[in-house]
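Novice: fold the following.
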Amino acid sequence: MTISVGERLPEGSLKKATPEGAEDVQVKDFFAGRKVVLFGVPGAFTPTCSSNHLPGFVENNDTIRERGVDEIAVLSVNDHHVMGAWARFTGAEDHITFLADGNGEYIKKLGLEADLSVAGLGVRSSRFSMVVEDGVVKKLNVEDSPGKAEKSGAAKILEQI
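Specialist: Predicted coordinates for the structure are as follows:
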């Protein structure tokens, strides 16, 4: 069952990509007492994720934060090494927090997994964005197709915050 607006994020752990390597992150601690924009992508380095989805959040980073957002984070079913490389490759490491859900366990708790086996990608994250305040989902945008970043892009978030 997909998480809904008004629900608290489930407990779980993720890996945060940092220049020093992986940092374990407890979801409840990461979101506690803060307003966070979290967006999910099917995969680092994939065309729509790298060309359309991530760049909008980097370009609008200052505007999003000026509207009271404490952190912008991207979540993907990739390992922390891949997420770290993607952060460096895109130059987004100073703007976006890169979170890895290597086994897809957390994305399944959210009910936002997507079976992309037909494309040889296995189970990944749906493409989504959400506004989370103190661990509670306030806005949720889920794409109908993993190849589009219209409902879940930075422009939509800017309308909602």
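
Novice: immediately after the helix or strand of the chain with the lowest mean pLDDT, which helix or strand?
Specialist: One helix or strand of the chain scores below all others by mean pLDDT, DSSP states H and E: helix 47-48, with a mean of 67. Next along the chain after helix 47-48, taking DSSP states H and E as the criterion, comes helix 54-59.

Novice: hmm, who's touching that next one?
Specialist: Helix 54-59 is contacted by residues 37, 39, 41, 64, 72, 74, 90-92, 95-96, 149, 153-155, 157 when judged by Cβ atoms under 8 Å, 6 or more residues apart in numbering. For glycine as for every other residue, the C-beta is placed from the backbone atoms N, C-alpha and C.

Novice: tally of neighbours for M83?
Specialist: Here the count is done by other Cβ atoms under 10 Å, and M83 has 25 residues near it.

Novice: relative to D115, how far out is F98?
Specialist: Separation of F98 from D115 (Cβ to Cβ, to the nearest Å) stands at 23 Å.

Novice: which one's more surrounded, the two?
Specialist: Each of F98 and D115 has its neighbours counted (other Cβ under 10 Å); F98 has more, 27 against 10.

Novice: element containing the more buried one, please.
Specialist: Counting by DSSP H and E, F98 is part of strand 97-100.

Novice: quick one: average confidence on the helix or strand that that strand is followed by?
Specialist: Per DSSP H and E, strand 97-100 leads on to helix 105-110 as the next helix or strand towards the C-terminus. Helix 105-110 carries an average pLDDT of 96.
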